[in-house]
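Student: the following block contains a protein sequence and its predicted model.
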Protein chains: 2
Amino acid sequence: MPVWVNGAPQDHLSVSDRGLAYGDGLFETVRVSNGKPTLAGYHWSRLQRSCERLGIVLDVAQLLEEVDAFLSGNQASAGVLKVIVTRGSGGRGYNPEGCLSSSRILSLHSLPVRQRDPGLFGARVKACQTCLGRSSLAGLKHLNRLEQVLARSEWQGGAYDEGLLCDYEGILVEGTMSNLFIVTHQGDLVTPDLSFSGVAGVCREFIIEFARSRGIIVKEQLVSDLDVAEIFLCNSVNGVWPVVEYEGRVWEIGPITTLIRDCVLEELNA
Amino acid sequence: MPVWVNGAPQDHLSVSDRGLAYGDGLFETVRVSNGKPTLAGYHWSRLQRSCERLGIVLDVAQLLEEVDAFLSGNQASAGVLKVIVTRGSGGRGYNPEGCLSSSRILSLHSLPVRQRDPGLFGARVKACQTCLGRSSLAGLKHLNRLEQVLARSEWQGGAYDEGLLCDYEGILVEGTMSNLFIVTHQGDLVTPDLSFSGVAGVCREFIIEFARSRGIIVKEQLVSDLDVAEIFLCNSVNGVWPVVEYEGRVWEIGPITTLIRDCVLEELNA
């Protein structure tokens, strides 16, 4: 696995890095196609916004130069680029004062391989017991991800394709690694409001913009009722997965899901 | 700063370690006195319980041998030993299956130096804006600590000695790096119930046992009212800090706080 740290090949990081000590950092998981990052504008602007929110100093132009050099240096055609940005090294203790030099970690991975493609055949989804707590950092893709690790531990191997998580009020928020959309019987698109918990995925953002450009009404609001026409999940690596099974209920792969899935796939293979 | 990784001197860790990727691990911050870890039984049993909760495989006997060798090899007399245990290296993705080899990181730090000792003169404490979310991992000292980093960022340098955090219902939980106790006008000790958020500190555990052994009634319950006789904070490095100022209110350093502070200090200097 090719890895760069701060612009040079290196597969290790100081143990004094606050990314390790406190999960004090952010990441992006970017699908690479034809040697280029896809949904790139969405990824880099979320990363920049998130760094500002956490007060992490990041030279985005420098990062993007490194990403270009990393991908071309490794002759990456298709795969997954993971970008981690941490607050860098600091003393013991939570106080981040004086941490002025963030760490940038790039790694390149194969695209996930599955026996049965949930994008094509639909995803079998589990209701996770793990709940998502409320956080003032809702929306950010930060490095505090134990909730997701616990939720993903609730099933082994390929028993399910994904699991859905609720908050402590029982309101649906997202999948362990994906965002949730439903299509109402009126043909509107609804995705959970992520003001209080969850990760605001870049594929979710792309889909909201695309659907609106096609005249579909999109609402970000509470989702608690699944008496709906279609359900799908999305992320920036796998694209759209229509949900065909969830807790004993079944759905067919509907026309709006298909439209959006194919558009996302085109973007991810561009 | 002396550092060992997995039993040998090493100051870096693989970037594929899940401690960095997801905060998928735990830590203990142990005061060292006369070359020995203090409150050791409390620290190691919490670490073991927490590893079991997260499903992290840890050979505690091996870790304790390493701690002994690390401290004697570095001729550590007084200081702070930080122990991090992560789930180890794994592939990209939240699924922890197949991570069977945890990482053990030991580092030795100086005791914190302060111009004015809050243990002796009392702590000036701020009410933090950052709220603590609910978590099924409440109580554990895991590596997902962005809430604490954000809260500690709310003041600069020594403007305050510590900050107190509430949950989203406005119920007091703990300090950024300490647990909270109040002494009621009846002379009972009350500390917030940490079933839903917060870190169950080992110094807190020691104090509960000590107070009960002296016939003091100790309750773990919701704390929302600060019309109380005494307040103090504690952790396993600094011991007990009497609170003398909090949001415009002042307290004197009372007799029960003094009793407990001196007993904890004796334990930490043993």
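Tutor: Done, it's in.

Student: which helix or which strand is home to A:Thr258?
Tutor: Element membership of A:Thr258 [criterion: DSSP states H and E] is helix A:255-268.

Student: give me the beta-bridge partners of A:Ile182?
Tutor: Listed by DSSP bridges, the beta-bridge partners for A:Ile182 are A:Val190, A:Ile231.

Student: list the contacts of it.
Tutor: Counting by C-beta atoms under 8 Å, 6 or more residues apart in numbering or on different chains, A:Ile182 makes contact with A:Leu189, A:Val190, A:Thr191, A:Val223, A:Leu226, A:Val228, A:Ala229, A:Glu230, A:Ile231. For glycine as for every other residue, the C-beta is placed from the backbone atoms N, C-alpha and C.

Student: for those residues, which one is nearest chain B?
Tutor: Closest to chain B out of those is A:Val223 (19.6 Å), distances taken as C-beta to the nearest C-beta.

Student: state the distance from the residue nearest to the spatial centre of chain A to chain B.
Tutor: Among the residues of chain A, the one closest to the centroid is A:Gly201, at 4.7 Å (C-alpha atoms, centre = their mean). Per C-beta to the nearest C-beta, to the nearest Å, A:Gly201 is found 14 Å from chain B.

Student: okay if I get the contacts of A:Ile182 as TSV plus pLDDT, neighbour count and distance to A:Gly158?
Tutor: Shown next, in TSV, are the contacts of A:Ile182 (pLDDT from 0 to 100; neighbours: other C-beta atoms under 10 Å in any protein chain shown; distance: C-beta to C-beta, whole Å):
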residue	pLDDT	neighbour count	distance to A:Gly158
A:Leu189	97	23	29
A:Val190	98	19	29
A:Thr191	98	24	26
A:Val223	90	22	26
A:Leu226	88	15	23
A:Val228	95	17	26
A:Ala229	97	17	27
A:Glu230	98	22	23
A:Ile231	98	25	20
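
Student: how about those residues in TSV, adding distance to A:Ser45?
Tutor: Listed next are those as TSV, based on distance: C-beta to C-beta, whole Å:
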residue	distance to A:Ser45
A:Leu189	22
A:Val190	24
A:Thr191	19
A:Val223	26
A:Leu226	32
A:Val228	31
A:Ala229	32
A:Glu230	29
A:Ile231	28
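
Student: quick one: the strands in the stretch 101-250 of chain A?
Tutor: A:103-109, A:123-132, A:162-167, A:172-175, A:179-183, A:189-192, A:218-221, A:230-235, A:239-246, A:249-250 (DSSP state E, counting those that start in this stretch).

Student: let me know how buried the closest residue to chain B within the stretch 51-200 of chain A is, in neighbour terms.
Tutor: For the stretch 51-200 of chain A, the residue closest to chain B is A:Gly133, as judged by C-beta to the nearest C-beta, at 3.3 Å. Burial measure for A:Gly133: 22 neighbouring residues, criterion other C-beta atoms under 10 Å in any protein chain shown.

Student: touching, it and B:Gly133? I think so.
Tutor: Yes - taking contacts as C-beta atoms under 8 Å, A:Gly133 lies within contact range of B:Gly133: 3.3 Å.

Student: between these two, what contacts are shared?
Tutor: A:Ser197, B:Ser197.

Student: how close does the residue lying closest to A:Val83 once chain neighbours are set aside get to chain B?
Tutor: Spatial nearest neighbour of A:Val83, chain neighbours left out: A:Glu28 (4.5 Å); criterion: C-beta to C-beta, 6 or more residues apart in numbering or on different chains. Separation of A:Glu28 from chain B (C-beta to the nearest C-beta) stands at 12 Å.

Student: with just CA atoms, put the helix or strand containing A:Glu28 into CSV.
Tutor: Using DSSP H and E, A:Glu28 sits within strand A:25-33. Extracted as CSV, the C-alpha positions of strand A:25-33 are listed here (Å, rounded to 0.1, in the frame of the first residue of the first chain):
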residue,chain,number,x,y,z
GLY,A,25,-8.2,15.3,12.8
LEU,A,26,-10.3,14.6,9.7
PHE,A,27,-10.3,12.3,6.7
GLU,A,28,-11.6,11.9,3.2
THR,A,29,-12.1,8.7,1.3
VAL,A,30,-11.9,9.5,-2.4
ARG,A,31,-12.6,7.2,-5.4
VAL,A,32,-9.9,7.5,-8.0
SER,A,33,-10.8,7.0,-11.7
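
Student: what's the angle between it and strand A:230-235?
Tutor: In terms of direction (axes from the mean of the first three to the mean of the last three C-alpha atoms, to 10 degrees), strand A:25-33 departs from strand A:230-235 by 100 degrees.

Student: now the element after strand A:25-33, going C-ward?
Tutor: strand A:36-37.

Student: by contact count, what packs against that following strand?
Tutor: helix A:60-73 (3 or more C-beta pairs under 8 Å, 6 or more residues apart in numbering or on different chains; DSSP states H and E).

Student: who's in contact with the helix it packs on?
Tutor: A:2, A:4, A:7, A:32, A:35-37, A:44, A:47-48, A:76, A:81, A:83, A:85, A:104, A:106, A:108.

Student: partner strands of the very next helix or strand once past it, with direction?
Tutor: Moving toward the C-terminus from helix A:60-73, the next helix or strand (DSSP H and E) is strand A:79-86. Strand A:79-86 pairs in its sheet with strand A:25-33 (antiparallel), strand A:103-109 (antiparallel), by DSSP bridges.

Student: which parts of the stretch 151-270 of chain A sit against chain B?
Tutor: Neighbours of chain B within the stretch 151-270 of chain A, by C-beta under 8 Å from any C-beta of the partner chain: A:Ala151, A:Arg152, A:Ser153, A:Gln156, A:Gly157, A:Tyr168, A:Thr176, A:Met177, A:Ser197.

Student: so where is the stretch 51-200 of chain A shaky, pLDDT-wise?
Tutor: Low-confidence segments of the stretch 51-200 of chain A, defined by pLDDT under 70: none present.

Student: returning to that earlier point: ranking the strands paired with strand A:79-86 by burial, who's on top?
Tutor: strand A:25-33 (a mean of 23; mean count of other C-beta atoms under 10 Å in any protein chain shown).

Student: hmm, back to that, what sits closest to the residue nearest to the centre of chain A if chain neighbours are left out?
Tutor: That would be A:Asn179: by C-beta to C-beta, 6+ apart, it lies 4.4 Å from A:Gly201.

Student: so what's that neighbour up against?
Tutor: Neighbours of A:Asn179 in contact, by C-beta under 8 Å, 6+ apart: A:Thr191, A:Pro192, A:Gly198, A:Val199, A:Ala200, A:Gly201, A:Cys203, A:Arg204, A:Leu233, A:Cys234, A:Asn235.

Student: how close does it get to A:Val202?
Tutor: Using C-beta to C-beta, to the nearest Å, A:Asn179 is found at 10 Å from A:Val202.
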